[in-house]
Each structure stands twice: as structure tokens, then as C-alpha cells.
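Peer 1: structure for the following, please:
(one chain, ligands or ions: 2)
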Amino acid sequence: MTNIQGAYGYQLNAPSTPLQLCELPILNPGPEEVVVQVAGCGVCHTDIGFAFDGVPTRHPLPLILGHEISGRVVVAGENVGSWLGRCVIVPAVIPCGTCPACLAGRPTICQKQFMPGNDGNGGFASHVLVPSRGLCAVPDPLPFGVNLEVLSVIADAVTTPYEAIRRSGLGSEDVAVIVGAGGVGGFGVQIAAALGAAVVAIDVDRERLDLASRHGAGLVLDASSTDLKGLKVAVRTFSKESARKGIGLKIFEMSGTPAGQTTAFGLLDHGAYLGVVGFAPKTAELRFSNLMAFDATARGNWGCPPDQYPAALQLVLEGKIALAPYIELHALEEAPAILEAVARHAVRKRVILHPNHREGKHRLEALK
Ligand SMILES: [Zn+2]
Ligand SMILES: [Zn+2]
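Peer 2: Ligands and ions are numbered 1, 2, ... in the order given. Alright, predicted model coming up:
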């Protein structure tokens, strides 16, 4: 098989309109490209931004969204035949590999990067055409209890906090503070705990905090009922009791809200490190001089280089990051309704859309 016909997806035609079922053009990969039959695609807040908040996609609409993709390679370009039949995770950000940024070891700022569902059609589809570069191979068969569709959230929801934490140099002598324990921060808590750190989770949602305390957090703090001063005292006491030798807190903003950003920045102490993962379109008011006064470091990261995916995947396969409690699966055919529900905050967990290949074909036929 050298190309795929009859593939379908749910495309965005214009902001704030429901996604619409469409047939994809014939998928015919170039020499370095592959066609992945989608097993699952996670729904990210970036997709909500594109669909409802007027954030422009780099490729003009109509476009199929979705950048957290896992699946199986069903067609491979002539130079990359070794991928055929393999199970993969498609990185959310695929760098070009040859530009000055890539050659300088900064692939996440590659200006020629390909992000599925932003630079081209994405994973809310039966199939997706992507560069083979950076694909993360998944063992086949998978360990008992792990499904390929569930691994889709590793692209972005797991790897982005993983990269933020890796860059901080977090280790077993550190105290990590994760602000926002939701769809991304919940994984952040587990990653920090897997690396041996003592972990504090801060959120405004009791359920999320309960989940965090069952999955790696040594202390959970409810920011809806505790002010910054109270949070600081609690974190300081916890740090003292956990007796780690690391200098300075390692704080990670994963809520993507101005309130969370203000809290994370407000927790800076001497020698602290602040990793920014969450995206908030609105601004937060901060006293920047605190960075100077505390000799602190603040750093962001745009996704995660593909070469770090295998290490993040390994933590999942070893059971050090539990995905199941943080996700819910829905049929791809529910995509229009599910995206609206996520936008209304009516869905609490990270949604993974998985195509029912037979059902989708029926619907497509009915359209014709
Ligand atoms: Zn995302
Ligand atoms: Zn590049």
C-alpha cells in the first residue's frame, strides 16, 4: 500500500463553529513521511484556543486539529520503510533538524517545526500524514494494562512537563512545587515524584488535590482557601520536614492561569527556579525584581525535543506515571460535542479521542 483513501477527520472551518466531519485528500507520503493510523489523540487546551478563542492556526483553516497522537504506521515513504507497521507516538512539535536553532541544540524553537493540527492536518482523524523524523517507537506488544490510544497524551501532556522538570535539574534532594494539578500538572506531580523529589501540589480543586496526594504529592494545598502567605508557610514547613539538601525550591507553573502564575511567582525564595509550562492568554501582574532579589531563575519551554520522548515513555511503561486516573476516552465521532464540553470546563479529565474506523466510514458514506 503506497497511499490511503477514504481517511476522514473532524475539521475546524472557522473559529467558534462546530468541528465538521470531512474526507481527507488521498494521503500519499513523501520520501521522509509516514501515514499513521490514529489510535488516539488527546484534546489539549491549545486546541480549545484554536477552536473557540480565536487563536490562529499557522496553517489557514479549514484544518483538522489535534497534536497528541499515537497510532500505527500504515504507509511509509521510500526512505523510511523501517517504520512500516510500527506503533508510535507522534511528537507534538517536530523540529526540522537542519536549521541554526536545531543545529545549536535548541530544536523546540525551530522556526521550521511541524506541529500536527497547527502546521497541517492533525490527529482528530482516522489517519494523519507526518514527517517520520522524531517519531517515538512504542513497544509492541505493550505491557499488560497499557493501551496505545492512552499513550497519545505522552505527546505534550506528559512530555512538556517532563521537559520543564528535566531542564530544572530536579533530583532527589529537591522540593518541587507544582502549581496546577490538572491535565498537565497531574503528570508533573508524578514525574517530579518519579525523580525522587519531595512534591507539593497546589490547586483550587479538591478532587485534583486528592488525586495528586494519591499519585506522588507529599503535601497538597488548596489555593482557594489559603492565601499566598499561608501557602508560603506550609511549603516552608514541608521543606524543612522533608530535609532535602537542594538549595531553592523548584516551582512549576502548570495551571495556565494568571492566578496560578501569580502564586508560582510569589513562592520564589533564595535560589529558586521557576519553570513555566501553562499558557494563559491574559497577563499577570508580577514584581520582576523578585528574580533579582532572590537570585532566582525563570524559564519556559515550548514542548519537548523528540529525543526526550523515549525517557518519558519509559516512566509510563514502568508504571511511575499513571495515565488512567487522569484521562477519559471518547469516540472520535463525538469530537464536535466533546470539544465544546472541554471548552465549557464540563469535562474534568484529559480527553482522548479514538477513532472507530468502521463507524467513521459509515458516517462518511452517509454524507455523500
Ligand atoms: Zn497541547
Ligand atoms: Zn529546525
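Peer 1: could you pull out the buried residues of stretch 53-72?
Peer 2: Buried residues in stretch 53-72, counted by 16 or more other Cβ atoms under 10 Å: Thr57, His59, Leu63, Ile64, Leu65, Gly66, His67, Glu68, Ile69, Ser70, Gly71, Arg72. All C-beta atoms are positioned from the backbone trio N, CA, C, and that covers glycine.
Peer 1: with stretch 237-254 instead?
Peer 2: Residues of stretch 237-254 classed as buried: Phe238, Ser239, Ser242, Arg244, Gly246, Gly248, Leu249, Lys250, Ile251, Phe252, Glu253, Met254 (neighbour count, 16+ other Cβ under 10 Å).
Peer 1: ok, the fifth one touching Glu173?
Peer 2: Yes. Using Cβ atoms under 8 Å, Gly246 and Glu173 qualify as a contacting pair, with a distance of 4.2 Å.
Peer 1: how about the residues of this structure near ligand 1?
Peer 2: Residues of the chain lying near ligand 1 by Cβ under 5 Å from the ion: Cys44, Thr46, Asp156.
Peer 1: sec struct for the last one, please.
Peer 2: In terms of secondary structure, Asp156 is coil; the call rests on DSSP: H, G, I helix; E, B strand; the rest coil.
Peer 1: need the pLDDT of it.
Peer 2: The model reports Asp156 with a pLDDT of 92.
Peer 1: for ligand 2, see how far away it is.
Peer 2: Separation of Asp156 from ligand 2 (Cβ to the ion, to the nearest Å): 19 Å.
Peer 1: before we move on, what about the second one?
Peer 2: Applying Cβ to the ion, the value for Thr46 to ligand 2 is 20 Å.
Peer 1: now the stretch 151-300 of the chain against ligand 2: closest residue?
Peer 2: Glu163 (16.6 Å; Cβ to the ion).
Peer 1: could you do the stretch 251-368 of the chain as well?
Peer 2: Taking Cβ to the ion, the stretch 251-368 of the chain has Pro305 as its residue nearest ligand 2, at 10.9 Å.
Peer 1: is it true that Pro29 touches Val73?
Peer 2: No. With contact defined as Cβ under 8 Å, Pro29 does not reach Val73; the gap is 9.5 Å.
Peer 1: shared neighbours of those two, which are they?
Peer 2: Residues touching both Pro29 and Val73 (Cβ atoms under 8 Å, 6 or more residues apart in numbering): Val35.
Peer 1: just to revisit the earlier point, give me the nearest residue to the residue of the stretch 251-368 of the chain closest to ligand 2, chain neighbours excluded.
Peer 2: Pro107 (4.7 Å; Cβ to Cβ, 6 or more residues apart in numbering).
Peer 1: check contacts around the one you found.
Peer 2: Contacts of Pro107 by Cβ under 8 Å, 6+ apart are Val93, Pro95, Gly97, Ala101, Gln113, Pro305, Pro306.
Peer 1: given whichever strand or helix holds Val38, what are its sheet partners and their directions?
Peer 2: Assigned by DSSP states H and E, Val38 belongs to strand 33-42. Applying DSSP bridges, strand 33-42 is found paired with strand 68-76 (antiparallel), strand 127-131 (antiparallel), strand 350-354 (antiparallel).
Peer 1: the ones you listed: which one's closest to Ala7?
Peer 2: With Cβ to Cβ as the measure, strand 127-131 is the member of the strands paired with strand 33-42 nearest Ala7 (4.0 Å).
Peer 1: so Pro336, which of the three states?
Peer 2: Criterion first, three-state DSSP; result for Pro336: helix.
Peer 1: verify the stated contact: Phe124 with Gly9.
Peer 2: Yes. Applying Cβ under 8 Å as the test, Phe124 and Gly9 come out as touching, 5.7 Å apart.
Peer 1: list the residues that contact both of those two?
Peer 2: By Cβ under 8 Å, 6+ apart, Phe124 and Gly9 have these common neighbours: Ile64.
Peer 1: count the neighbours of the residue nearest to Asn3 when sequence neighbours are not counted for me.
Peer 2: In this structure, Asn3 finds its nearest non-sequential neighbour in Asn28, 4.1 Å apart by Cβ to Cβ, 6+ apart. Neighbour count of Asn28, defined by other Cβ atoms under 10 Å: 14.
Peer 1: per-residue confidence at Asn28?
Peer 2: On the pLDDT scale, Asn28 gets 94.
Peer 1: the one 10 residues further on too?
Peer 2: Val38 carries a pLDDT score of 98 in this model.
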